[in-house]
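In: what's the 3D shape of this:
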Amino acid sequence: MSIGIAEEAVGAQGSTTDRIVTALQRRIVTGEVPIGTWLRHGALAEEFAVSRTPIREALRVLAAQGVVTIVPNRGARVNGLSSREVREIGEVRGDLQALAAELAAERSTDDHLRRMNAAWEKFAKVLNSGRKTPADLGEMWAAANEEFHGVIVEAAHNRQLASTLGDLHRRIPRNLSFSGYAGHSHLLRRNLDEHLAIAEAITDHDPVEARAKMLAHCRGATQNTARWLESRAVD
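Out: Presented below is the predicted three-dimensional model:
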């Protein structure tokens, strides 16, 4: 196997593992997979249509995060994440996202600004029309959210910042936030307005305002998600 092919294979393996980690993390955090559940290698490999290798790697990642405990010859047992942990991770992630916005306001190119400002256009039109189901809105919100924040981190041009944020996103999927907004159109509109305000500050190349808007947005999203998790725990 050539070096190029080997690197491509490793990259594909990594992306598959990341996809599985994100899917399992979301199920665990939302309670779809309850605390105490056993995750079996064979069953997961069949569900995700992959070999056991990426499953083992994904469970190792989750174990390193404290989300599961691996028991030899049995699989992995779900520990879960508390609303307190969500808040703690959110505090760190919020400050880093705010730094990314500050740097993006100073370093973004015309292409970055175009992509950032276009990220929410489709979602805004559909939200205002009221013609989509919550599930459809969720998919569109997730796509817009990933594009928006991804472009900002890219525009910050700081590889260490991007790497650290990537690790935090693997601990708590960024798109988990939608769970706390679903079914509440006024919260979705406020969330949209917050994103547009951040985009405006970055487009105006105002690093102070961009940082402040992003920090307030991330703190609000973290609190909203934590409260949603607490309400589910009560139920």
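
In: Ser179 contacts Arg227, doesn't it?
Out: No - judged on Cβ atoms under 8 Å, Ser179 makes no contact with Arg227 at a distance of 10.9 Å. The way it works is simple: take the backbone N, C-alpha and C, and place the C-beta from them, glycine included.

In: Please put the alpha-carbon coordinates of the host helix or strand of Thr53 into CSV.
Out: Assigned by DSSP states H and E, Thr53 belongs to helix 52-64. This file holds the C-alpha atoms of helix 52-64, laid out as CSV (Å, rounded to 0.1, in the frame of the first residue of the first chain):
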residue,chain,number,x,y,z
ARG,A,52,-15.6,-3.9,15.0
THR,A,53,-12.4,-1.8,14.7
PRO,A,54,-14.1,1.7,14.5
ILE,A,55,-16.6,0.6,17.2
ARG,A,56,-13.7,-0.3,19.5
GLU,A,57,-12.0,3.0,18.7
ALA,A,58,-15.3,5.0,19.3
LEU,A,59,-15.9,3.3,22.7
ARG,A,60,-12.3,4.1,23.7
VAL,A,61,-12.9,7.8,22.9
LEU,A,62,-16.1,7.7,25.0
ALA,A,63,-14.3,5.9,27.8
ALA,A,64,-11.5,8.5,27.8
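
In: Would you map the helices across the protein?
Out: 3-30, 41-48, 52-64, 83-107, 110-118, 121-129, 134-156, 159-171, 178-181, 185-203, 207-234 (DSSP state H).

In: And the average pLDDT for the fifth one is what?
Out: Yep, that's helix 110-118 we're talking about. Averaged across helix 110-118, the pLDDT comes to 97.

In: got the buried residues for stretch 164-173?
Out: Neighbour-count burial for stretch 164-173, counted by 16 or more other Cβ atoms under 10 Å, picks out 165, 169-173.

In: May I see the buried residues of the helix holding Thr53?
Out: Quick answer for helix 52-64 (16+ other Cβ under 10 Å): 54-59, 61-62.

In: out of the residues you listed, who's nearest Ser108?
Out: Val61 (31.3 Å; Cβ to Cβ).

In: on that earlier part again, between Ser179 and Arg227, which has more neighbouring residues?
Out: Neighbours per residue, other Cβ atoms under 10 Å: of Ser179 and Arg227, the larger number sits with Ser179, 19 against 14.
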